[in-house]
Structure formats: C-alpha cells, structure tokens
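Peer 1: Okay, structure incoming, though there's no sequence with it:
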C-alpha cells in the first residue's frame, strides 16, 4: 500500500464472500455519513463496480446496502435496471447497465437525475454507458483469482480518496493477520 500522501488505489485479495461482505461493511458507513473517522463527511457518493460476470459486483452491492441499514429483500437490478431505497433522508440507487448496448441508453432511461450528491449510487457495468457518466468517487474492480477475487479500489475524487485513506489502516491489519509475512 502506498503512503497516505500518494494513495490513489488499494489492491487486495477477497478470499471468499465473507471478505466481500466485510469490505462493503467498512465502506457503507463512510457513504452514509455515519463513520466516526470521517467527522466532517457529507453523506452520499458514487461507486462504480467493474468485473466479469460472477466476480461479485451484485454480492458487494447487496452487502453494502445491508450494511447501510436497508431492510427486507434487496433485489438485483439486472432486469429492472434500477432498484432504489430510502433510509432516513438518504436515497440509495443500485443500477445495472449490463443490458445496455448503446451508451446513450442510460440517459434515455432518465438516470442522469439520480446522480445527486446527496444520494448513494452503486453502478454495475458502468462501461456500458461509455464516457457519458460522470466519474465515480470510487471504482471497485473485481477479477477472478486462484482463490476468491482480486479487488482494486481506485479513488477518482477527494471524497473517494478520503475513503481509501480511512480504509487503508484496517485493510493493512487484516492483510497482516491473513498473511504474517506481508509488509505492514
């Protein structure tokens, strides 16, 4: 991991679904504005989820929404394109652009309006929107590994960078615990 002054991305191994759930649980309070380590943070933010089919994008999104406090059934937006939730005064939007064949389809669907600063927006398959989406605060790329998944978290805004800086110490501890020979 890089020095805090240079930190723009973090790469880690998610050995199983419980690691994915743990990562989501660490990020959710940051976007909800309830993480005590980010006292002046405003709620909301955008996360783009990239990866092949089956790499865990929807699993991460479900775990994130559950950790944020969403109750009841959390459906995949694969067919509906959008699932929305409201918790207190914060809106959550989970979008899946997998079925889009033209980058303008997300605009035609009217999704531009939901990219509000005071909402939490999770987008699976953002590449299907071409270059017309605004950059996310954080991009999470998942890929298959020998065991589990490799994850790369990349900040694209100051807000995303503050999340990475806040996450880095706890991720270093878990990496050191899982791999005693890892650098701390």
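Peer 2: All right, it came through fine. Nothing here was measured: the structure is a model prediction, and the numbers come from that model.
Peer 1: Give me the distance between the two termini of stretch 139-155.
Peer 2: 7 Å (CA to CA, to the nearest Å).
Peer 1: wait, residue 51 sits on residue 142?
Peer 2: Yes: when contacts are counted by CB atoms under 8 Å, residue 51 is listed as touching residue 142 (3.6 Å). (C-beta placed from N, C-alpha, C; glycine too.)
Peer 1: what's the overlap in contacts for the two?
Peer 2: 57, 149 (CB atoms under 8 Å, 6 or more residues apart in numbering).
Peer 1: hang on, residue 46 in a strand?
Peer 2: Yes: counting by DSSP: H, G, I helix; E, B strand; the rest coil, residue 46 is located in a strand.
Peer 1: That one: how many residues sit nearby?
Peer 2: Neighbourhood size, residue 46 [other CB atoms under 10 Å]: 26.
Peer 1: Poorly predicted segments of the protein, please.
Peer 2: Applying pLDDT under 70 to the chain flags residues 1-7, 77-80, 103, 106-107, 110, 116-117, 172-184.
Peer 1: In contact with the residue nearest in space to the middle of the chain, which residues?
Peer 2: In the chain, the centroid-proximal residue (CA atoms, centre = their mean) is residue 47; its distance is 4.2 Å. Contacts here follow CB under 8 Å, 6+ apart; on that basis residue 47 touches 27, 31, 64, 121-123, 136-140.
Peer 1: again, 10 Å this time
Peer 2: Residues near residue 47 by CB atoms under 10 Å, 6 or more residues apart in numbering: 24, 27, 31, 60-61, 64, 120-124, 126, 136-140, 153, 160, 163.
Peer 1: Next one: the residue lying closest to residue 87 once chain neighbours are set aside from residue 28, what distance?
Peer 2: Distances taken as CB to CB, 6 or more residues apart in numbering place residue 69 nearest to residue 87, at 5.2 Å, with adjacent residues excluded. As judged by CB to CB, to the nearest Å, residue 69 and residue 28 stand 8 Å apart.
Peer 1: who has more neighbours, these two?
Peer 2: Remark: of residue 69 and residue 28, residue 28 carries more neighbours, 21 against 15, as counted by other CB under 10 Å.
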